[in-house]
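Q: next one to model:
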Amino acid sequence: MPKVTYTSASGDINVLGGNSGDSVMEIAVRNGLPGIVAECGGSLACSTCHVFVREEDLEGLVAMGELEDEMLDGTTEERRGNSRLSCQLKLEADVHVYVETPESQV
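A: Down below sits the predicted model:
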């Protein structure tokens, strides 16, 4: 079962499990996690599921596509080198990813 550790901008930590194939966004929304708005429901149209992925976890994730890269230029909080849209981070079994949510999504 994939797991995600979400750390909020204020330091709150939540560890949530999901199903193989779930995205980091889907797991957060399904569990009512604050900090991931996901206005578009994962259709790569809003950038309100912006997260900062722990550097050592980036290599194990699917590469960023061109549209995600463009969408990250429109985030509320300035993008960083480890910025990703959580709707694009599909997880497989036995993966544990650590992400930080920005202070604001909208």
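Q: drop to CA atoms for contacts and neighbour counts, all remaining ones
A: OK.
Q: pull the contacting residues for the most centrally placed residue in the chain.
A: Per Cα atoms, centre = their mean, the C-alpha nearest to the average position across the chain is that of Ser86, at 2.6 Å. Each residue near Ser86 by Cα atoms under 8 Å, 6 or more residues apart in numbering is listed here: Ser23, Val24, Met25, Cys49, His50, Val51.
Q: let's see which of these end up in helices.
A: Counting by DSSP state H, the contacts of Ser86 place Val24, Met25 in helices.
Q: looking at the contacts of Ser86, which is nearest Met71?
A: Among these, His50 lies closest to Met71 (Cα to Cα), at 9.6 Å.
Q: excluding chain neighbours, give the residue nearest to that closest one in space.
A: Excluding its sequence neighbours, the residue lying closest to His50 (Cα to Cα, 6 or more residues apart in numbering) is Leu85, at 4.6 Å.
Q: now do His96
A: Lys3 (4.6 Å).
Q: got a list of what that neighbour touches?
A: Val15, Leu16, Gly17, Gly18, Asp94, Val95, His96, Val97.
Q: quick one: it from Gly18, how far?
A: 6 Å (Cα to Cα, to the nearest Å).
Q: and for Ser47?
A: 22 Å.
Q: that older thread, in JSON lines: the contacts of Ser86, plus pLDDT.
A: Shown next, in JSON lines, are the contacts of Ser86 (pLDDT from 0 to 100):
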{"residue": "Ser23", "pLDDT": "98"}
{"residue": "Val24", "pLDDT": "98"}
{"residue": "Met25", "pLDDT": "98"}
{"residue": "Cys49", "pLDDT": "98"}
{"residue": "His50", "pLDDT": "98"}
{"residue": "Val51", "pLDDT": "98"}
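Q: turn the contacts of Ser86 into CSV, columns for distance to Thr101 and neighbour count.
A: Converted to CSV, the contacts of Ser86 look like this (distance: Cα to Cα, whole Å; neighbours: other Cα atoms under 10 Å):
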residue, distance to Thr101, neighbour count
Ser23, 15, 22
Val24, 11, 29
Met25, 11, 26
Cys49, 8, 30
His50, 7, 30
Val51, 5, 31
